[in-house]
Each structure stands twice: as C-alpha cells, then as structure tokens.
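**Student:** Below is the sequence, then the predicted model.
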Amino acid sequence: MEFEKLNTQVLGISIDHVPCLQAWAESLGGISFPLLSDFWPHGEVGERYGVFRKDGKTERAIFIIDPEGYIRYIDIHDIDDQPSNDVLFEELAKVVRPSAQKEKQKPEKKKLPHGGVIMYCNSWCPDCRRAKAWFEDHGIEYTEVDIPSTPGAAERVREWANGYMVTPTIDVDGVIILDFDEEKLSEVLLG
C-alpha cells in the first residue's frame, strides 16, 4: 500500500457507533485501516478538530498529522466528494521526508514575540476565528502567531497548557488565556 511506503498510518473516524462502522466496512468488502468511533461522548473528537456541525454530524475531513503531533494539512469537503489520493500523496510527501533531508531543511529559529496581546492559533481553528472577530469588534490590536509555521510556537503553547495543544492561546502581557474565553478576555483587556 502506498501509504505504508510513506511510513504513515491511515485512521478512519466517524460519529457512528462501532457495530455500524463494522457493518459499513463489511459492506465494502473490508477496510485496510483502523476505523474509530467518535460516538460517545457524541462528536467530541470532531468538535476538538473543528469539524462537528450543529446538526450532530461531522464534515468529511482529512487531517495529516506529523510524527510530532502537529496538524500539517486539512482538507474539508462535501460528504459525497471523494478526495484525491494524488493530492494526499503530494501533501504527505511534504510532511514525511527522509531524516537527512529534514535536517537540511530545519527552519531558522526566531524569537517568539512578547509584550502586548499575542494570539497563538491555527488557520483552521473555529475558536481562533471567533477570537479574531472579538478582537476586531473591540478594536484590540494583537500579534498573530501561526503555530504550524512558527518554530517554537507549539512548544510554548504546550508549556502553558500542561502539554496540550490548545488554540487559541492568548498571551496578554504574561497573562495566559487558554481557548477562546470571552469572559476572561473581557476581564483582562476591557477591565
């Protein structure tokens, strides 16, 4: 299988319960990758990845997560739309490189910003989008740090969030606010 050549693990996840997933896999003549159920608590994983819809279903989404646990690619599309494996393999090739090539391409270390309002976020995160809108609505200037593309940003967020990747994470002159906590932001920024 082409995915194995790239040293990747494919996982399928659905909000359906396990017997339903087993029946679906059998109807297709078997599946060559593990199927996971996000049935209870209903849609919790989908919610964390920002693809759980208000109608209780999830979007059809593909996430490529690198060996360090960072999301490097997201593709969300219509449930009836079959994703292109060619595109997937192109994106995987960007993430999975031989270690020698990885060493050559190490990003230059830059200092992370400090002072004022700094929001560590991901472009795909719905709470990050809500926080941006909140800042705009309140006329608050902030510095945005894109976690996947900024060396050291993920480590900084994990330090503040006890090892977890929480987005957005907002640093207001050293006061750390995890997730989009409108009440805490108002308290700290609007007094």
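**Tutor:** Right, received. Where do you want to start? Numbering: from 1, shown residues only.
**Student:** Going by C-alpha atoms from here, please, whenever you check contacts or count neighbours.
**Tutor:** Will do.
**Student:** How about the secondary structure of the residue nearest to Arg60 when sequence neighbours are not counted?
**Tutor:** Nearest residue to Arg60, sequence neighbours excluded (Cα to Cα, 6 or more residues apart in numbering): Ile79, at 5.2 Å. Following DSSP: H, G, I helix; E, B strand; the rest coil, Ile79 is assigned to coil.
**Student:** beta partners of the residue nearest the centre of the chain?
**Tutor:** Geometric centre of the chain, nearest residue: Ile71, 4.9 Å, by Cα atoms, centre = their mean. Following DSSP bridges, Ile71 is listed with bridge partners Ile65.
**Student:** Could you double-check that it lies in contact with Glu91?
**Tutor:** No: Ile71 is beyond contact range of Glu91, at 11.7 Å (criterion: Cα atoms under 8 Å).
**Student:** how close does Gly30 sit to Ala133?
**Tutor:** 45 Å (Cα to Cα, to the nearest Å).
**Student:** Low-confidence bits of the chain, can you list those?
**Tutor:** 1, 97-110 (pLDDT under 70).
**Student:** One more pass at 50, please.
**Tutor:** Applying pLDDT under 50 to the chain flags residues 98-103.
**Student:** So which residues of it form strands?
**Tutor:** Ranges of strands within the chain are 12-14, 35-37, 60-65, 71-77, 117-121, 143-146, 169-172, 175-178, based on DSSP state E.
**Student:** Next, format the ones you listed as TSV and append distance to Glu187.
**Tutor:** Formatted as TSV, those follow (distance: least, Cα to Cα, whole Å):
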stretch	distance to Glu187
strand 12-14	38
strand 35-37	39
strand 60-65	35
strand 71-77	31
strand 117-121	14
strand 143-146	19
strand 169-172	11
strand 175-178	11
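**Student:** These: which one's closest to Asp127?
**Tutor:** strand 117-121 (8.9 Å; Cα to Cα).
**Student:** which secondary structure elements does the closest one contact?
**Tutor:** strand 143-146, strand 169-172 (3 or more Cα pairs under 8 Å, 6 or more residues apart in numbering; DSSP states H and E).
**Student:** chain center to that strand, what's the gap?
**Tutor:** Counting by Cα atoms, centre = their mean, to the nearest Å, strand 117-121 is centred 16 Å from the centre of its parent chain.
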